[in-house]
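Colleague: Sequence plus the predicted model coming up.
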Amino acid sequence: MNLLVDRIGELVTNDPARGRGPLGLLRDAAVLVEDGRVAWIGRAADAPAADRRLDADGRAVLPGFVDSHSHLVFAGDRAAEFAARMAGEPYTGGGIRTTVAATRAASDDELRFAAGRLREEALRQGTTTIEIKSGYGLSVADEARALRIARELTDETTFLGAHVVPAEYAGRADDYVSLICGPMLRAAAPHARWIDVFCERGAFDADHARAILTVGQAAGLGARIHANQLGPGDGVRLAVELDAASADHCTHLSDADVDALASSATVATLLPGAEFSTRSRYPDARRLLDAGATVALATDCNPGSSYTSSMPFCVALAVREMRMTPAEAVWAATAGGARALRRDDVGVLRPGARADLVVLDAPSHLHLAYRPGVPLISDVVHNGVKL
Ligand SMILES: [Zn+2]
């Protein structure tokens, strides 16, 4: 069975060889999908016959969003902490331990149900590729369990045993890092593609982060880092030094950090939902883009600092609060996320790419930022199948 997405008013391909500008825009287009892949792209007038047809009726179509940073496997919520923060209490990251306690106490099925519900919520909003981290287990068994559950939902799973030092290791960070690098990594690696560290004051310093990421890379995992979120630090430079796929947050950057990102293959992944939800200063996306760095947008969906699964919301924030153009934000939320996961088969629409696309209830991609908070995702095609 194949499917023709027909009468597309504006098609974002992210393939500049195919259309206009960096988004590779085509007008009056059609896309044929077959066996889960894009089989043909061209003018609607030239479209081949197909078994089934999805009439876009002049609306915009873009690649499905690639959310390269989420923490979906957890129990409980932290709405009260959010309310306290909005009343003036600062965000410190310490609330992670609250979620760790709730997650450890939950059954496998409770975690599986909660994570699956969030994955569905994201998919309905057009997220066709999602990365999911562990990091609320922080014991050998609980981290392995979180990754097994995440793996049921995505291939892009990330071992984040180095989220915070758990309470039972208070004052013994070296011992906890040894646990991560030994038994925890051995239990996690079979279920993970990536390894990540929260490199921040109050979490893990650069020496610990380097040790953890290096041993993870030796075990075959790709590196990514939570870096420079709450203050300046060594995280971004470490990410570049280790050829990490992505340095995530990038809120407090020195000129040297920006230069290092711009001259590397490490993507700067910005998570404006976190700044929104912690009422913090946004990262300077313009400075990164103008320096030539590759920028991705992701949700950071987690119960503490960014409880949104909405990539359209992040696009709107990026445009309004971080001075990205709508085209830059849409690229960063699709092709940028794919770069941050070192994927070339998603975040783009070209023959051979995975058939992941969204139909907007709008005539152009501009509306994602222009109409914030409005449910504009009218149809989602995932792996060639219309939801
Ligand atoms: Zn995160």
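Modeller: Structure's in. What do you need?
Colleague: which ones are touching residue 222?
Modeller: Residues near residue 222 by C-beta atoms under 8 Å, 6 or more residues apart in numbering: 193, 194, 195, 244, 245, 342. Glycine gets a C-beta too; all of them are placed from N, C-alpha and C.
Colleague: Repeat that for residue 300.
Modeller: Taking C-beta under 8 Å, 6+ apart, we find residue 300 in contact with 69, 70, 71, 248, 271, 273, 274, 306.
Colleague: Which stretches in the stretch 51-200 of the chain count as strands?
Modeller: 52-55, 60-63, 65-67, 127-133, 156-162, 194-199 (DSSP state E, counting those that start in this stretch).
Colleague: and those strands, which is most packed in?
Modeller: Comparing those by mean neighbour count (mean count of other C-beta atoms under 10 Å), strand 65-67 comes out on top with a mean of 32.
Colleague: That strand pairs with which strands, and in what direction?
Modeller: Sheet pairing here is set by DSSP bridges, and for strand 65-67 it gives strand 127-133 (parallel).
Colleague: Could you check how far the strand it pairs with is from the centre of its chain?
Modeller: Mean-position distance between strand 127-133 and its chain equals 6 Å (C-alpha atoms, centre = their mean, to the nearest Å).
Colleague: and the angle for that strand with strand 156-162?
Modeller: 30 degrees (axes from the mean of the first three to the mean of the last three C-alpha atoms, to 10 degrees).
Colleague: Output strand 127-133 in CSV with nothing but the alpha carbons.
Modeller: Presented in CSV, the C-alpha positions along strand 127-133 are these (Å, rounded to 0.1, in the frame of the first residue of the first chain):
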residue,chain,number,x,y,z
THR,A,127,6.9,14.6,17.0
THR,A,128,7.7,11.5,14.9
THR,A,129,11.2,11.0,16.3
ILE,A,130,12.0,11.3,20.0
GLU,A,131,15.0,10.8,22.2
ILE,A,132,14.2,9.5,25.7
LYS,A,133,16.7,9.5,28.6
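Colleague: State the mean pLDDT of that strand.
Modeller: Strand 127-133 carries an average pLDDT of 98.
Colleague: Please apply the same query to stretch 262-281.
Modeller: 97.
Colleague: Using neighbour counts, pick out the buried residues of it.
Modeller: Buried residues in stretch 262-281, counting neighbours by 16 or more other C-beta atoms under 10 Å, are found at 262, 264, 266-278, 280.
Colleague: and the worst-scoring helix or strand of the chain on mean pLDDT, what does it pack onto?
Modeller: Least confident element among the helices and strands of the chain, by mean pLDDT, DSSP states H and E: helix 79-86 (a mean of 91). Counting contacts by 3 or more C-beta pairs under 8 Å, 6 or more residues apart in numbering; DSSP states H and E, helix 79-86 is packed against helix 272-278.
Colleague: Now do the helix it packs on: distance to the chain's middle.
Modeller: Worked out by C-alpha atoms, centre = their mean, helix 272-278 lies 14 Å from the chain centre.
Colleague: next SSE after it?
Modeller: Next along the chain after helix 272-278, taking DSSP states H and E as the criterion, comes helix 285-291.
Colleague: tell me how far the least confident helix or strand of the chain is from the chain's mean position?
Modeller: Its chain's average C-alpha position is 24 Å from that of helix 79-86, according to C-alpha atoms, centre = their mean.
Colleague: Could you do stretch 338-349 as well?
Modeller: Distance of stretch 338-349 from the chain centroid (C-alpha atoms, centre = their mean) equals 12 Å.
Colleague: Between the two ends of that stretch, what distance do you get?
Modeller: One end of stretch 338-349 sits 12 Å from the other (C-alpha to C-alpha, to the nearest Å).
Colleague: Please spell out which residues along that stretch are buried.
Modeller: Within stretch 338-349, judged by 16+ other C-beta under 10 Å, the buried ones are 338, 339, 340, 341, 343, 346, 347, 348, 349.
Colleague: how big is the angle separating the longest helix anywhere in the chain from strand 127-133?
Modeller: As assigned by DSSP state H, the longest helix anywhere in the chain is helix 108-124. Relative orientation of helix 108-124 versus strand 127-133 (the same axes, to 10 degrees): 140 degrees.
Colleague: i'd like the first residue to be 20 from this point on
Modeller: Let's use 20 as the start, then, which means that last one is helix 127-143.
Colleague: Who are the packing partners of helix 127-143?
Modeller: Using 3+ C-beta pairs under 8 Å, 6+ apart, the elements in contact with helix 127-143 are strand 146-152, helix 159-170, strand 396-401.
Colleague: circling back to that earlier point, out of the strands of the stretch 70-219 of the chain, nearest to residue 346?
Modeller: Comparison of the strands of the stretch 70-219 of the chain against residue 346 by C-beta to C-beta identifies strand 79-82 as nearest, at 11.0 Å.
Colleague: now what about that closest one, what contacts it?
Modeller: Residues from elsewhere that reach strand 79-82, judged by C-beta under 8 Å, 6+ apart: 24, 27-33, 48, 50, 147, 349, 353-354, 365-368, 372, 375-379, 381-384, 386.
Colleague: quick one: average pLDDT of it?
Modeller: Averaging pLDDT along strand 79-82 yields 98.
Colleague: Neighbours of the residue nearest to residue 273 when sequence neighbours are not counted, how many?
Modeller: Excluding its sequence neighbours, the residue lying closest to residue 273 (C-beta to C-beta, 6 or more residues apart in numbering) is residue 251, at 6.4 Å. When neighbours are defined as other C-beta atoms under 10 Å, residue 251 has 13 of them.
Colleague: Repeat that for residue 345.
Modeller: Residues near residue 345, counting by other C-beta under 10 Å, number 19.
Colleague: what does residue 61 give?
Modeller: Residue 61 is flanked by 16 other residues according to other C-beta under 10 Å.
Colleague: Now do the helices in the stretch 220-369 of the chain.
Modeller: 225-237, 254-260, 274-281, 291-297, 304-310, 330-341, 345-350, 356-359 (DSSP state H, counting those that start in this stretch).
Colleague: Many thanks, we can stop here.
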